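>>> Based on what follows, work out the 3D shape:
(one chain, ligands or ions: 1)
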Amino acid sequence: MHDQEPSAPLRTVATSHTLPKSREARKKLIVALDFPTAPAALALLDRLEGSCEWFKVGLELYLNAGNGIVETILSRGHSVFLDLKLHDIPNTVGGAIRSVAPLGITMLTVHAFGGPAMLTAASDAAASSPNPLTLLAVTVLTSMDNFQLESIGITETPANQVLRLATVAQACGIPGFVCSPQEAAQLRARFPQNTIVSPGIRPSGAAKGDQARIATPANALAAGADYLVVGRPITQAADPAAAARAILDEMSVGLAEAD
Ligand SMILES: O=c1ccn([C@@H]2O[C@H](COP(=O)(O)O)[C@@H](O)[C@H]2O)c(=O)[nH]1
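As a prediction, this is how the structure comes out:
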């Protein structure tokens, strides 16, 4: 469904077996900077300096702090996942991608629910990016359970709906997916070369909050996720750096066991 090169998947970096496990874990952890202002986000960034190298900027922060916060995080040498979950008509989504691509972000989300025309326009726009940009198709939000899906007329299970949306997105040239860790194994089996990013990560005993489909960091990696997105278990912890280190330690052990 696309006539240009799709944007590159990030699997090569994420699955490197030459790195020490602690280093590999750091390359797979993305901290969600869900804060209302740039100073609040940068205060957390300061505390995680040296521990974490990937940060996700979502709607809350981006709508307040704009491209400036993205540029600041990039200027500190970190990678940025811009989680805008674009969902609009094809022309608008393509234009939005062309607007943010020059920033130098590494990953950007679109909603797979936008359908083939929108996903193809997104893929084409990413292919013309001046920097390598991996598009991720958001499948079924990790906050949704069967009841939430049924309420909007979707009678499929979350797992089936994730597979359906990922299949459409992949056919349109989108190289990565966002899904819960509970669907990571089925997507990994079906799409071995695609990038899988999983939010809904909760260390044992952590508050679930509004997330419905969750797993621990080790189980998410074992299921085949390339990247884990973690927000509140780190950002709301009394000691965010210690919380991040504990998650990284669990990830390192999980990666070692998988070898
Ligand atoms: O399906 C999705 C897609 C995106 N997210 C985002 O990930 C983080 C998760 O934060 P937690 O505090 O660890 O729950 C957040 O920024 C979401 O916007 C998601 O959770 N689920």
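>>> what's around the residue in the stretch 151-259 of the chain that the ligand sits nearest to, how many residues?
Per Cβ to the nearest ligand atom, Gly231 is where the stretch 151-259 of the chain lies closest to the ligand, at 2.5 Å. (Each C-beta comes from the backbone N, C-alpha and C, glycine too.) Neighbourhood size, Gly231 [other Cβ atoms under 10 Å]: 19.
>>> do Glu257 as well
Neighbour count of Glu257, defined by other Cβ under 10 Å: 11.
>>> thinking again about what came up before, excluding chain neighbours, give the residue nearest to the residue of the stretch 151-259 of the chain closest to the ligand in space.
Leaving out its chain neighbours, the residue that sits closest to Gly231 by Cβ to Cβ, 6 or more residues apart in numbering is Ala32, at 3.4 Å.
>>> so the residue of the stretch 151-259 of the chain closest to the ligand sits right up against Val31, yeah?
Yes. Contact criterion Cβ atoms under 8 Å: Gly231 and Val31 qualify, at 7.3 Å.
>>> Mind listing the shared neighbours of those two?
Lys56 (Cβ atoms under 8 Å, 6 or more residues apart in numbering).
>>> if I look at the residue of the stretch 151-259 of the chain closest to the ligand, how far off is Ala246?
Computed as Cβ to Cβ, to the nearest Å, the Gly231 to Ala246 distance reads 15 Å.
>>> now do Pro90
Pro90 is 43 Å from Ala246, by Cβ to Cβ.
>>> Check Ala125 too.
Relative to Ala246, Ala125 is positioned 39 Å away (Cβ to Cβ).
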